[in-house]
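Undergrad: Kindly return the folded structure for what I paste below:
(5 chains)
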Amino acid sequence: MRHPIAVLILCLLTSVAAGSASAADREKLLSEPGVYGTFAVFQMDQEWWKLDKAARMAALTEVKAALKKHGERLAIDAYLLRGLYERGDFFLRVHSTELTQTQDFLLELMGTTAGRYMKNTVTLNGITKKLNYVPAFSDEVKAALKTPLDPGLKPYAIVIPIRKDAAWWLTDQEGRTARMKEHTEASIPYLKTVKRKLYHASGLDDVDFLTYFETAKLDDFNNLVIALERVQENRHNAQFGRPTILGTIRPIEDILEVLAR
Amino acid sequence: MRHPIAVLILCLLTSVAAGSASAADREKLLSEPGVYGTFAVFQMDQEWWKLDKAARMAALTEVKAALKKHGERLAIDAYLLRGLYERGDFFLRVHSTELTQTQDFLLELMGTTAGRYMKNTVTLNGITKKLNYVPAFSDEVKAALKTPLDPGLKPYAIVIPIRKDAAWWLTDQEGRTARMKEHTEASIPYLKTVKRKLYHASGLDDVDFLTYFETAKLDDFNNLVIALERVQENRHNAQFGRPTILGTIRPIEDILEVLAR
Amino acid sequence: MRHPIAVLILCLLTSVAAGSASAADREKLLSEPGVYGTFAVFQMDQEWWKLDKAARMAALTEVKAALKKHGERLAIDAYLLRGLYERGDFFLRVHSTELTQTQDFLLELMGTTAGRYMKNTVTLNGITKKLNYVPAFSDEVKAALKTPLDPGLKPYAIVIPIRKDAAWWLTDQEGRTARMKEHTEASIPYLKTVKRKLYHASGLDDVDFLTYFETAKLDDFNNLVIALERVQENRHNAQFGRPTILGTIRPIEDILEVLAR
Amino acid sequence: MRHPIAVLILCLLTSVAAGSASAADREKLLSEPGVYGTFAVFQMDQEWWKLDKAARMAALTEVKAALKKHGERLAIDAYLLRGLYERGDFFLRVHSTELTQTQDFLLELMGTTAGRYMKNTVTLNGITKKLNYVPAFSDEVKAALKTPLDPGLKPYAIVIPIRKDAAWWLTDQEGRTARMKEHTEASIPYLKTVKRKLYHASGLDDVDFLTYFETAKLDDFNNLVIALERVQENRHNAQFGRPTILGTIRPIEDILEVLAR
Amino acid sequence: MRHPIAVLILCLLTSVAAGSASAADREKLLSEPGVYGTFAVFQMDQEWWKLDKAARMAALTEVKAALKKHGERLAIDAYLLRGLYERGDFFLRVHSTELTQTQDFLLELMGTTAGRYMKNTVTLNGITKKLNYVPAFSDEVKAALKTPLDPGLKPYAIVIPIRKDAAWWLTDQEGRTARMKEHTEASIPYLKTVKRKLYHASGLDDVDFLTYFETAKLDDFNNLVIALERVQENRHNAQFGRPTILGTIRPIEDILEVLAR
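TA: Numbering: from 1, shown residues only, chains lettered A, B, ... in the order given. The predicted model follows:
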C-alpha cells in the first residue's frame, strides 16, 4: 500500500489481451458471417492529460477490467491513433453476435473514471456476411484468393468506409460480379501483404461498406488502393474514406501506457 | 432521510413508461395522420459525468416527473444511443397533435437540473399523413402489406432522414406510384421483422422524409435497406441518412440508470 | 428591496412589445421595399443556465431595456427555437432602413450581461424589394394573390434560405416569369393559412433569398412546400434550407421567462 | 493614477488610424500590383467579455500600440462584424509587400494580452495584380470604367471569395476576355456607388479570387451581385462566398470601444 | 537558480535544427522513394497562452529535447502558421522510413507538458515514390526539369492535398503521361523559384496526393498554380486544397520563441 503507483503499474502491465474470448470463440467472431463489427474512435479530453499519473493509472485499471470482463464474449481489438489521426487517440474494434452486447460493453467502458474523459468522436457499425461475388468467379481467381498471408506482425490498420452510388445498386448481379472480378483481380498481388475484412453497413450507418485492412507494408497498401482506383467499379464510389482512419495495432498494455504517460 | 441515494434509486426505478398517455390516446398518436413527430437527440456534457451519483439521481427524478407530466398528452419514447452513435447519449421521439406541446415539454425537460447538462445535438421534425401511394397499388400488394409483424421485443430503432431530388417531385403521381410500387415490393420480405413508420418533413426540416424503423434483426434491416437501394426510386435520393441514427429501445428507467451510473 | 426576485419578475412581465416602434412605423418597416431584414439566432451558453434565477432575471431586464430603446426605430420580433432547433434558443428578426442601425442594436444586446452568454450561431441578412414577377402575371393570378389571410394567431415561423443556380439567373425575364407563375399558382391554395415574406440576399449573404413564413397550420405549410417542390423552378434551387429554422412566435416576455427559468 | 479607467479611455480614444503608414506608402500598398492582402477574422472568446472594463481597456491599449507600430510599414484596416456575421467580432485587412511582415504583425497582435482572447476564425490570403482583361476591352468600356466613385463615407465592406471551375481555366484568353467583358459591363451601373478591389488567391488559399467591396448603398450592392449572376461567367463559379463576410467600416477607436464595453 | 527564465532562454536558444539527423541521413530521407511524410498541424489551446512565460519556456525545453532525440533518425521540419492559417499555430513535417517511428515521435511530443496544450487539428500522411511519368517524357522536358533552383532562403511553404476523380485513374498510362507532360511543361518556368515535392496518399489519407512547395516568391507560386489550373489534367482534380496550408519556414528556435512569448 505504500507504493500505489508501482502496484498499479504492475497491475496494468499484467498481460491480458484486449479481448480475451476463448481462442475458439474469438476465431468464430472474426471469421463467421452475421457478426456485428463496431469501430469506436475515442479522444481523451484535455483534462485527462492534466490528471497526475497515479490517478490516470488507477483509472486505467478499471478500463482493463471492463475489457477483460466483456472480452469473455466479445472480440475486442485496440489500435493507437494518436499522432497519426487528428480526431482520435485510439479506437476499438468490437465484434459481437448482438449489437446490444457491444453497446453494453461501451456503456461500461465510458462509465469508468477514465471513460468520463473519453470523447467518442467517430462510431461506425457494420455486419459481416458470406462472400457475395466470389462463388461466381473463375477457378483461377478463386485459387488466387487462397494465397496465404505472409506471416509476421502487421503493425498498421486502416478503416475506410465506402458508399456506392444508386447506379451501382441498380446494376444487375451479373454486371456487379463482372466489376467485382476486376476489382478482385487488381487486389491479388497484395494478398500476401495486406489482410482485408469487409463489413456491410447499409442502414446501420451512413455508408454501405466498412473496409478494414492490416499490413506491415504501407507502401504495398498504397499500391493496392491505387490499383482499386483503376477499375471501373471505382466510378460507383460516391464516398471513399471521409474518414480514412489509420492507426497502429499495439497490445492494449502499450495503448494504456500511452494514456498513462 | 438517512440514505438518500437508496431512496432516490427506489424512486427512480418505480415503473412509469417514458410516455404515459392513456393506452388509447397513445395508440391514436402513434397511428393517426396529422400527428407531429419530433426526434430530439441529447448528449450529456462532460460536467454531468463528474457530478456525484446522488446529485445525478436527484436530478433525474425531475426528468422522470417531466416525462410523466407531459406523457399524459404526448406519446414520448426514449432510446439509448450511447456507445452506438457518436453525437448523442439518448434520443426522444415525441408525438403530439400540436408542435407547441412538444416544445413545451422539451422546454421543461431542458429546464430541469439535468437538462442544463443536456446538449441538444440533432432535432428532426415531421408530420404523419395518410398513405399516398398504397391506394393505387394492386390488391396483391395491398394484401402483402397486411403481413403481421412478428411478436416479441424489437430492441433496435433506426432513424434515416431522406431528401428527394427535384426530378422526383416533378415526376407525375402515376410515375411516382409506379416507382413506389417497386420500392414497396422490395420491402415485403421484411414486413415480419422490421416495423416502419414514415414522417413527412418538407419545410419542417432540411429533408423531405424521416423514416423510422424498429427491429430485433439488424441483419434483416441491413438487407431491407440494400433491397431499397436496388430500385429506381433510389436514384432520386439526394440525401439518405446523414445522420443515420441507430439506438436501442430501452425502458426509460434503464436509460436514466445509465445516466446515473 | 427584500424580495428582489418578485420585483424583477414584475418588472420583466410588464408588457412591452419586442419592438415598440410606433404602429405606423412598424407597419412601414414590415411592408415597404428597401428595408433590411436580419435574422439573428442565439444560443445561451451552458454557464447561463447555472446562474441563479435572480441573476438571470436581473440580466434580462437589461435585455428588455435594449429591445425597448432600439424598438423605437427598428421593428424587432422574437421567436423561441429551444426544443425545436438544435442550434439556437431563440432568434430575432430585425427590420431597419439602414443595416448599421441593426448592428448597433445587436451590439447593445450582446453587450448586456445576458448578452455575454449569448452565442450568435446563425445570422442571415437580406433586403425587401418590390415584387419582381407579379406585375406580369394574369389578372386572375393577381386577384388570387389578394386572398386575405385567415385571422387569428400564427404561432409558427419558419425561415428557409434559398440559393438559385447559374442557369436560373441566365434565364431571361420572360422565362423566369413563366416559372414563377407556376410557382405562384402552386402557392395560391395556401394563401389563407400561410403568410409569406421574401428578402433578397445576393451578396449580403451566401444565398440569394431568405423566405419567411408564419402559420398556425404546419400541415398546410408542409403541403405548400411540397407543392413548390413540384414546379420546374425547383430544379434551380442549388440550396433550399440548410438551415431550415423552425420556431414559435411568442411574446418577448414568454421568451425571457423561458431564459429566466 | 487615481482614475485609471479615465486615463485609459483618454489614451484609447487618442486618434490614430488603424494603419498609419504614410499617406503615400498607404496609397501605394492599396493601389499597386504585387501587394499581399490578408483578411483575418477574429472572435473574442467568452472569457474576454467577463473581464472587467478596466482590464479590457488596458489590454486594448497594447492592441493600439501594435497597430501603430506595424502600421508604419503595412496598410491595416479594421472592420466591425459583431452582430452581422456569426463567426467574428471584427476583421483586419492587412496589405504588405511581403507576407512575413503581415505574419509578424499578426503574431504581435495575437501575442498581446487581448490577443490571447482573440480566436482567429477565418483567414484569407491573396495578392494584387495588374488588370488581366481590361487592356483588351473596347475604348467605350475602358472609358466607362473611369466613372468616379461618389464621394462620401462607404460604411459597409463585403468580402466574397470565389473559386472558378476547371472549364473556366481551360477557356482561352480570348474566350475569357469576352466573358469578362460581359461581367464588366454588368457592373458599370454600380461603379459610382460600389468600390471594388480584387485579390488573386490560387495556391495561397482554397479559392482563386478574393473580391472586396465598399459601399454606402447595400441595395445597389445587392443589385450588382444579381447583375453579375446574370452573365455567362457565373456558370464557372464553383464557389461564390462561403463565407460571405459583411461588416462595417469604423474607426479603430470605435471598434476597440465596442470590445471595451 | 536565481534567474530561471534567463537560463531557460539560453537553453532554448542553443541552436539545434528541428531535425538533427546526420546531414547524409536527412538528405536520404528527403530525396529517396519509399519514405513516409507526415504533416501534423497543431494549435495551442487558449490555456497555454495564459501560463506565465517561465512555465512556457520550461515546457518548451522538453519539446526541444524530444525534437533532438527523434531528430537523430527522423527528418523533422517546423513551420509557423500562426497569423496565416486559422486552424493552426505551427506544423511539423516528419520523414521516416517507418510510420511507427513518426508516431513514436509525435506521442513523445504530445506527451510533454507543452504537448498537453497542443491540439492536433490536421494530420496528412503520404509516401514518396519514384517519378511515375518523367521517364516517358521527351529529352527536352527532362532537360528542362534539371533547371536548378535559385539559391537563397525560401521562407514560404505550402501544402495542398489533391484527390483525383475516377476518370483519371481509369485513363491508361499513356493518356495520363500525355496529361502530365502538359502539367509538367506548365511548371517549367517556375522551377527556379518554386521547389516541389510530391507524396502519394491513396489509402493513407482521404486524398491521393500531398503536394508540398517552398518558395521565396509567392507571386511566382500563385502564377504556377494558375498555370497548372490551365491544363486538362485539372479537370480530374476532385479535390484541390481544402485545406491549403500556408506557413513560413523558420528555425525551430524562432517558432518556440513565438510560443514562449
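
Undergrad: Can you pull out the low-pLDDT segments for chain A?
TA: For chain A, the stretches flagged by pLDDT under 70 are A:1-21.

Undergrad: what residues does it put near chain E?
TA: Residues of chain A lying near chain E by Cβ under 8 Å from any Cβ of the partner chain: A:46, A:49-50, A:80, A:82-86, A:155-156, A:158, A:160, A:213, A:218-219, A:221-222, A:224-226, A:229-232, A:234-235, A:237, A:241-244, A:246, A:248, A:258, A:261. Just so you know, the C-beta spots here come from the backbone N, C-alpha and C atoms, and that holds for glycine as well.

Undergrad: Now list the buried members of these.
TA: The neighbour-count test (16 or more other Cβ atoms under 10 Å in any protein chain shown) marks A:49, A:80, A:82-86, A:155-156, A:158, A:160, A:213, A:218-219, A:221-222, A:224-225, A:229-231, A:234-235, A:237, A:241, A:243-244, A:246, A:248, A:258 as buried among those.

Undergrad: need the residues of the stretch 1-150 of chain A near chain B, please.
TA: A:34, A:36, A:38, A:40-41, A:45, A:47, A:99-100, A:102-107, A:110-111, A:116-117, A:119-123, A:125, A:127.

Undergrad: Out of the residues you listed, list just those in helices.
TA: A:47, A:99-100, A:102-107, A:110 (DSSP state H).

Undergrad: got TSV for the residues you listed, with neighbour count too?
TA: Formatted as TSV, those follow (neighbours: other Cβ atoms under 10 Å in any protein chain shown):
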residue	neighbour count
A:47	12
A:99	22
A:100	18
A:102	24
A:103	26
A:104	18
A:105	25
A:106	24
A:107	19
A:110	23
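
Undergrad: got the residues you listed as TSV, with distance to residue A:194 columns?
TA: Below are those laid out as TSV (distance: Cβ to Cβ, whole Å):
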residue	distance to residue A:194
A:47	38
A:99	28
A:100	33
A:102	26
A:103	31
A:104	33
A:105	29
A:106	28
A:107	34
A:110	32
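
Undergrad: tell me which of those residues is nearest to chain D?
TA: Closest approach to chain D among those (Cβ to the nearest Cβ): residue A:47, at 17.1 Å.

Undergrad: Not counting sequence-adjacent ones, nearest residue to that closest one?
TA: Nearest in space to residue A:47, with sequence neighbours left out and distances taken as Cβ to Cβ, 6 or more residues apart in numbering or on different chains, is residue A:117 at 6.1 Å.

Undergrad: Can you name the residues that contact that neighbour?
TA: A:44-45, A:47-48, A:51, A:59, B:46 (Cβ atoms under 8 Å, 6 or more residues apart in numbering or on different chains).

Undergrad: what do you get for residue A:116?
TA: If you count contacts by Cβ under 8 Å, 6+ apart, then residue A:116 has A:110, B:46, B:49-50 around it.

Undergrad: same thing but at 6 Å, please
TA: residue B:49 (Cβ atoms under 6 Å, 6 or more residues apart in numbering or on different chains).

Undergrad: Helices of the stretch 151-261 of chain A, residue ranges please.
TA: A:166-170, A:173-187, A:218-229, A:252-260 (DSSP state H, counting those that start in this stretch).

Undergrad: got the buried residues for the second one?
TA: Spelled out, it's helix A:173-187. Neighbour-count burial for helix A:173-187 [16+ other Cβ under 10 Å]: A:176-181, A:183-187.

Undergrad: returning to what we had before: how much space between the residue nearest to residue A:47 and chain E?
TA: Taken as Cβ to the nearest Cβ, to the nearest Å, the spacing of residue A:117 relative to chain E amounts to 13 Å.

Undergrad: just to revisit the earlier point, closest one to chain B out of the buried residues of helix A:173-187, please.
TA: residue A:176 (10.3 Å).

Undergrad: do you know how far that closest one is from residue B:158?
TA: In this structure, residue A:176 and residue B:158 are 25 Å apart, going by Cβ to Cβ, to the nearest Å.

Undergrad: ok, now how distant is the residue nearest to residue A:189 when sequence neighbours are not counted from residue A:138?
TA: Computed as Cβ to Cβ, 6+ apart, the closest residue to residue A:189 that is not its neighbour in sequence is residue A:227, at 7.5 Å. Noted for residue A:227: a distance of 19 Å to residue A:138, by Cβ to Cβ.

Undergrad: Can you give me the buried ones in stretch A:64-83?
TA: For stretch A:64-83, using 16+ other Cβ under 10 Å, the buried residues are A:64, A:66-68, A:70-71, A:73-83.

Undergrad: ok, the residue of the stretch 151-261 of chain A found nearest chain C - how many residues close by?
TA: Residue nearest to chain C within the stretch 151-261 of chain A (Cβ to the nearest Cβ): residue A:206, separated by 16.9 Å. Residue A:206 is flanked by 17 other residues according to other Cβ atoms under 10 Å in any protein chain shown.

Undergrad: Kindly report the same for residue A:146.
TA: By other Cβ under 10 Å, the burial measure for residue A:146, its neighbour count, is 7.

Undergrad: so how far is stretch A:43-56 off the chain centroid?
TA: 25 Å (Cα atoms, centre = their mean, to the nearest Å).

Undergrad: List the neighbours of stretch A:172-185 that are in contact with it.
TA: Under the contact criterion Cβ under 6 Å, 6+ apart, stretch A:172-185 has outside partners A:133, A:136-137, A:231-233.

Undergrad: after the lengthiest helix in chain A comes which helix or strand?
TA: Criterion DSSP H: the longest helix present in chain A is helix A:53-70. Sequence-wise, the next helix or strand downstream of helix A:53-70 (DSSP states H and E) is strand A:75-80.
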